[in-house]
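Enquirer: coordinates for the following, if possible.
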Amino acid sequence: MNVIRAIAEGVSEADTTSLIIKTDLAELKADLYRRLWIMAAGIVGLTVTLIKVLP
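Expert: Numbers count the residues shown, from 1 in each chain. Sure, this is the predicted structure:
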């Protein structure tokens, strides 16, 4: 019983900061990727528009 209690206490005191940091980093990368695609679409749209407007 003492072994089970020690394992339970060890799990409850485990350091989860690295998991939180990895999750935050993954969310940041996903948000950055989405914003870069939006910017690229805007640049392409503006370029096509300017090419058609200014022959």
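Enquirer: so Trp37 is in which element?
Expert: helix 17-53 (DSSP states H and E).
Enquirer: let me know how buried Leu54 is, in neighbour terms.
Expert: 6 (other CB atoms under 10 Å). Where you see a C-beta, it was placed from the backbone N, CA and C, and this is true even at glycine.
Enquirer: now swap in Val44 and tell me
Expert: Considering only other CB under 10 Å, Val44 is surrounded by 10 other residues.
Enquirer: kindly report the same for Ala30.
Expert: Ala30: 10 neighbours (other CB under 10 Å).
Enquirer: ok, Ala41 next?
Expert: 10.
Enquirer: quick one: it from Ile20, how far?
Expert: When distance is defined by CB to CB, to the nearest Å, Ala41 is 32 Å away from Ile20.
Enquirer: do the same with Asp31
Expert: Relative to Ile20, and taking CB to CB, Asp31 is found at 16 Å.
Enquirer: likewise Leu36?
Expert: Counting by CB to CB - Leu36 and Ile20 are separated by 25 Å.
Enquirer: avg pLDDT for the helix holding Trp37?
Expert: In this model, helix 17-53 has an average pLDDT of 90.
Enquirer: list the contacts of stretch 34-46.
Expert: Contacting residues not belonging to stretch 34-46 are not present [CB atoms under 8 Å, 6 or more residues apart in numbering].
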